[in-house]
Structure formats: structure tokens, C-alpha cells
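>>> fold the following.
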Amino acid sequence: MIKFKESIELTIVTDFDEEMDNITGEETEVFKAGEVVDADVVSEDGKYVDLQFGFNGGVAFGVQRKSFEVMPD
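Just a heads-up that it's a prediction; the model follows:
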């Protein structure tokens, strides 16, 4: 679970064609500051991370790490 520190709009990849190596489905979601969401950090690259969401299995790439905090279990 994560909690957003600021309101943010993310593009979430919901479908990917591995054979053709391209995105075939995506949606935009707006998360409000203080909103708690079922998501896990699946990749980190310095100040940016990739998040995988439990509500649809989709992934948001390049999310600023400072925009959220990981909630304790």
C-alpha cells in the first residue's frame, strides 16, 4: 500500500503486447493527496519508480518517488 503526498495524474499501462513489444492499453488515473492505494514498487531508478497497482494489475512508469510514501504493513 502507498499513500500519495500530493495530487497526481498517472498513465497506467493496462495491456502490453510482449510479442510486438508495444503498449496496447492504457488509462489515466487521478490520485488525490492523502489517498491510500493498493500498489507496489516494482522497479526503482533513483528519484523515479515503477508502480504496479492491485486494482487492475497495471503499471505506471517513471513515478516520482517523492510523490508518495510506502505504508507499513
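>>> going by C-alpha atoms from here, please, whenever you check contacts or count neighbours.
Will do.
>>> buried set for the strand or helix carrying Gly25?
Secondary structure from DSSP states H and E places Gly25 in strand 22-31. Using 16 or more other C-alpha atoms under 10 Å as the test for burial, strand 22-31 gives Phe31.
>>> just the CA trace of that strand, in CSV.
C-alpha atoms of strand 22-31 as CSV (Å, rounded to 0.1, in the frame of the first residue of the first chain):
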residue,chain,number,x,y,z
ASN,A,22,4.3,-2.2,-27.5
ILE,A,23,1.6,-0.9,-25.3
THR,A,24,-1.9,-1.9,-26.3
GLY,A,25,-3.9,-0.5,-23.4
GLU,A,26,-3.6,2.4,-21.0
GLU,A,27,-5.7,4.6,-18.9
THR,A,28,-5.3,7.8,-16.9
GLU,A,29,-6.0,7.9,-13.2
VAL,A,30,-6.0,10.9,-10.8
PHE,A,31,-5.0,10.2,-7.3
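>>> that strand pairs with which strands, parallel or anti?
strand 8-17 (antiparallel) (DSSP bridges).
>>> picking up where we left off before, mean confidence for the strand holding Gly25?
In this model, strand 22-31 has a mean pLDDT of 91.
>>> just the residues contacting it, thanks.
For strand 22-31, contacts defined as C-alpha atoms under 8 Å, 6 or more residues apart in numbering pick out 4, 7-17.
>>> measure the nearest residue to Tyr48 once chain neighbours are set aside to Phe53 for me?
Nearest residue to Tyr48, sequence neighbours excluded (C-alpha to C-alpha, 6 or more residues apart in numbering): Gln64, at 4.6 Å. According to C-alpha to C-alpha, to the nearest Å, Gln64 and Phe53 sit 16 Å apart.
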